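S.K.: please find the sequence and the predicted model below.
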Amino acid sequence: MTAGRHRSGTRAAAVMASVLLVFACMLFGGNSAIAQTSHNAPFGLLGDDGTIQHTQPEPVSGSGDASVSGNGGSSGDTTAASQNKGSAQTNSSARTFRIQSAIASDLLDPGVAADVQKDIDGWISRLNTIEVAIQRGGLSPDQLKGLESRVLEVDREAERFLRAVQPMLKSVDERLSGLEDVASGDKQAAKIPETESLIRQRESLQAVQKFLNSFIKQAEVVKIQAYDLSARVATQRRKVFIDSLLVRTYSVADPALWKEALEEIPTVDNSARLLLRDWYSLVRQKVGGPLSIAVMAAFLIALLSIWPMRRRLLKHTDRHQEVVDPSPLRRSSAALVMVLAATFVPALFWYAFYTIINLLNVAPPRVEGAINAMFLTGTFAAFSLGLITAVTAPSLPAWRMIPVSDQTALKLYRHSVIIIPLYSAFILISGLLNVLFAKDGLKLVVGSAMTVIAALMLMRGLRIIATDQEEDEEAVEELQSGILAIWGWIAPLFWIGSVFSIGAVLAGYIWFGWFVAAQMVWIVIVFSFTHLLLQFTDDAMSDLFRYGTRVTRALRSAMGFRSQTSEQIGVILSGLLRLLIILFALFSLIVPWGFTSGDLTGMFRPVLNAVHLGSLRFSLASLLGALIVFAAILGLTRISKRWLEDRFLPKTRMDIGLRSSISIGFGYIGFIIATLLALAYAGLNLQNIAIVAGALSVGIGLGLQGIVNNFVSGLIMLAERPIKVGDWVVVGADQGYVRRINVRATEIETFERSTVIVPNSNLISGVVKNWMHGSSLGRIIVPVRVTFGTDPELVRDILYAAARTHPKITSYPPPDVFFMAFGENGLNFELRVYLPDINDFLIVASDLHFEVFKRLREANIEIPLPQRDLHLRSGFDDKADRPRVEAVEIDDLPKPKA
């Protein structure tokens, strides 16, 4: 079993990178399945030198629409651009070296300064040209993306220049500082004669300093302009994208739409025939007649053999029906291998065929687009079916990755097997229509069909899962833990989105309805694959760093790590990998919304009109974004805090109080970071935050003193730790265990299981008795009274013997017996013992009373009763008539037996 677990873990770890690569290819490669609305023709092309080259509109061809260079263009242009970029970097490095040489010689060559100034002027010219292009408008999203990449390229060049020149300026400043000390007017320096060499050296360094300061300031201005321009390009690109989705077209119920689509079918069919014929002619021309037939035959045979090969490969995955209790790692790794095996064959075939036709140079742009559409759609279908098979495991309940019943898993699998191929076929048709330049009528019909199918598919799947949750309460409890807990929040939104997408199609917003439906499908895929990766990560790290593995033995032998330390390392690595997977999933979800990596630099720029209140600047987008940032960071903080409490801190040797202090402090830090970042997103700088702090100080002065006092007291308690979670404390008439230290108050659970809420300021400024401060060691006192005639030494021996036999009493400090006093009713002794855990106070005290009473009775030692003198007075005058009350000795009374 150990060897099998090791083999499955190694195999899964080896193929995980390949799965992510295929997943990334599906995410970023190929044509978009969402058809875009047409845009106006661009006013011109942006050349490599930053100038606008006006061109005449050209007819649509297989190479696609004209676009801004940098995003489109021929391969030759791309190669030339790459060569120019490399040449520019080489020249920049050479100029940097010449500047360094000039500084070493204290003389800046005018030619070098002119070249550097020329580079900076080139950056400014390129940015100005891009700004003019943006102001003219009429650009498509692809053209805007190309402009954004050019802006980022200028920004990177300016950043490289600043990193190279700023250390040079610092060196010049230090050398000038030494020379200026010589030229200063103090008495000590006046004794040193200033030679002409020093004067020339200082003047040359001042000239170099002047040029470098000028270059740095201009480069910083270029970076500011590039940052602002990048944000404007990203904003305009997203606006164009949203406008294209919100264009109102035909309703799916409009007969005119179906009439236009039917009229377009013969044209599309003719275009497809011409494309195949032209491609075959090209293959015959490039390759030859017999070989071209062989290429076409190989293409068809490979296309038809993809699915049988995939099925044969899936049969060899490490999931066997006879295994009824697989280990967590073996189950998750087998599911991951199944997803890889299902996706590997179509992806490998697509890559091999694409490489061959490119080597033979028989792939014109339209043919290449059609091939990409076919094989990326096939890869998507294979990946989706492999994922649903791996997660549900309809015939293998022991290998199932989600907590659903066998019947529900079978329903989900059958539902997906029908829907995914049909949905993929529509995606393929949509991609081919883009290649064949079909008109909008046929595209709208296909988009409507895809939207309705996706919405109905999601609603049916949601109903299946909801029915299973109603019947299986244990599955509901499992769904409430981990990443699956998010499903409870997503499901209602999916119901709303499904209904909304169908309504949008009926209202004429077909592209918007299709976009909403496609995003819900994409969320399901990303959610399922992320759950599988997170589960595999936890299982792999737990198995890899558990006690007795090769890794833990190697760490112990090489570094002296204990098994507990190795487990902590595994938990930390698991947390880091989980964070990377979640970030990758989040980025995968926002990519279809038009976001790119360049948007990350300008994501904190408000996208709507701002409102100015004095020196403060607000906007609706900034406020909503600030709330989202605050909620996201606070949510990540709570998730990380829960991971600390449940996974990492229990693996340490810290006591529960210190673990609680670390957890609460981590929550405070996350809250402060979330607040500061949210304020920064809203547009508040440090000066404006000081204004807000001043307003808060007024509020504190008016009525928030108590809240602030309790908050500060809570921080003091976390720092000084006079009271920790789990301590037994006495506050006034109440005592119990500290269960939670909150921002304002502390919760104490009494022994009667009631909760006492005590303000933190009371615990800091008041008197608190803490039985467990510093350590849980405590002392209890058992008073014992015997009659006067008892031997004290015998009593001492009995008490010592009773204390030494108890297992929960420490031997050091040892028990003590003290003869306290000659009391009114007997001899008073005290038995004082120490407990390693004061929580055992009542149990040990009770046991000692039982044991002492038993031993005294065995030794015939009596426990005296208290004596009472009773005096009665009456109203009789004659003393003889008064009732007589005589004192009775205690010895005359019947004595209880010990």
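M.R.: Good, I have the coordinates.
S.K.: just give the closest residue to L444, not the sequence neighbours.
M.R.: Beyond its immediate neighbours in the sequence, the residue positioned closest to L444 (C-beta to C-beta, 6 or more residues apart in numbering) is I510, lying 5.1 Å away. All C-beta atoms are positioned from the backbone trio N, CA, C, and that covers glycine.
S.K.: also L412?
M.R.: Of all residues not flanking L412 in the chain, T392 sits nearest, at 5.2 Å (C-beta to C-beta, 6+ apart).
S.K.: and the one you found, what's its pLDDT?
M.R.: Taken from the predicted model, the pLDDT recorded for T392 is 86.
S.K.: now do it against V362, distance only.
M.R.: Taking C-beta to C-beta, to the nearest Å as the measure, T392 falls 42 Å from V362.
S.K.: before we move on, what about V768?
M.R.: 85 Å.
S.K.: the more surrounded of those two?
M.R.: Each of V768 and V362 had its neighbours counted (other C-beta atoms under 10 Å), and the higher figure belongs to V362 (20 against 17).
S.K.: which residues touch that one?
M.R.: W279, L282, V283, K286, V287, V295 (C-beta atoms under 8 Å, 6 or more residues apart in numbering).
S.K.: again, only using 7 Å
M.R.: Residues touching V362, when contacts are defined by C-beta atoms under 7 Å, 6 or more residues apart in numbering, comprise L282, V283, K286, V287.
S.K.: what's the offset of whichever helix or strand I465 is part of from the middle of its chain?
M.R.: Counting by DSSP states H and E, the element that carries I465 is helix 440-471. With C-alpha atoms, centre = their mean, to the nearest Å as the basis, helix 440-471 stands 29 Å off its chain's centre.
S.K.: helices or strands next to that helix in the packing?
M.R.: Helix 440-471 makes packing contacts with helix 255-286, helix 406-435, helix 473-479, helix 487-507, helix 510-544 when contacts are defined by 3 or more C-beta pairs under 7 Å, 6 or more residues apart in numbering; DSSP states H and E.
S.K.: just the buried members of the contacts of V362?
M.R.: L282, V283, V287 (16 or more other C-beta atoms under 10 Å).
S.K.: now those residues as TSV including distance to I764?
M.R.: Formatted as TSV, the entries for the buried ones among the contacts of V362 read as follows, by distance: C-beta to C-beta, whole Å:
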residue	distance to I764
L282	85
V283	85
V287	87
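S.K.: which among those gets closest to I781?
M.R.: Nearest to I781 among these: V283, at 101.4 Å, using C-beta to C-beta.
S.K.: per-residue pLDDT, the closest one?
M.R.: 74.
S.K.: D791 too?
M.R.: 91.
S.K.: picking up where we left off before, list just the nearest of the contacts of V362 to L624.
M.R.: Each of those was scored against L624 by C-beta to C-beta, and L282 proved nearest at 53.2 Å.
S.K.: show me what contacts the closest one?
M.R.: By C-beta under 7 Å, 6+ apart, the neighbours of L282 are V362, P364.
S.K.: tell me how far it lies from I357.
M.R.: Taking C-beta to C-beta as the measure, L282 and I357 are separated by 10 Å.
S.K.: please apply the same query to V222.
M.R.: 44 Å.
S.K.: over to V817?
M.R.: Distance from V817 to I357, counting by C-beta to C-beta: 98 Å.
S.K.: with A393 instead?
M.R.: 38 Å.
S.K.: now the closest residue to S588 other than its chain neighbours: how far from Q519?
M.R.: Excluding its sequence neighbours, the residue lying closest to S588 (C-beta to C-beta, 6+ apart) is V526, at 5.2 Å. From V526 over to Q519 the distance is 10 Å, taken as C-beta to C-beta.
S.K.: I809: which element?
M.R.: Counting by DSSP H and E, I809 is part of no helix or strand.
S.K.: what's the pLDDT at it?
M.R.: pLDDT, I809: 91.
S.K.: pull the contacting residues for it.
M.R.: Neighbour list for I809: A803, P815, V833, Y834, L835, V844 [criterion: C-beta under 7 Å, 6+ apart].
S.K.: how near is it to R785?
M.R.: 22 Å.
S.K.: cool, A449 as well?
M.R.: Summarising the geometry, the distance separating A449 from R785, computed by C-beta to C-beta, is 96 Å.
S.K.: just T249 next, same as before
M.R.: When C-beta to C-beta is applied, the distance between T249 and R785 equals 100 Å.
S.K.: one more: S149?
M.R.: Counting by C-beta to C-beta, the gap from S149 to R785 is 93 Å.
S.K.: could you do V629 as well?
M.R.: Applying C-beta to C-beta, one obtains 70 Å for the distance of V629 from R785.
S.K.: go on, I224?
M.R.: 89 Å.
S.K.: comparing the two, which residue is more hemmed in?
M.R.: In this view I224 and R785 are compared by other C-beta under 10 Å, and R785 has more residues nearby, 18 against 12.
S.K.: what backbone torsions are found at that one?
M.R.: R785 adopts backbone torsions of phi -130, psi 130, taken as degrees, to the nearest 10.
S.K.: wait, it sits on E830?
M.R.: No. With contact defined as C-beta atoms under 7 Å, R785 and E830 do not form a contacting pair (10.1 Å).
S.K.: any idea how far the closest residue to D440 other than its chain neighbours is from K443?
M.R.: Counting by C-beta to C-beta, 6+ apart, the nearest residue to D440 once its immediate chain neighbours are dropped is T249, at 6.9 Å. For T249, the distance to K443 under the criterion C-beta to C-beta works out to 10 Å.
S.K.: of the two, give the one with the bigger neighbour count.
M.R.: The residue with the greater number of neighbours, taking T249 and K443 and applying other C-beta under 10 Å, is K443; the counts read 23 against 20.
S.K.: which residues sit against stretch 708-726?
M.R.: Judged by C-beta under 7 Å, 6+ apart, the contacts made with stretch 708-726 from elsewhere in the structure are 656-657, 660-661, 664-665, 700, 729, 737-741, 743-745, 759-761, 763-764, 768, 770, 773.
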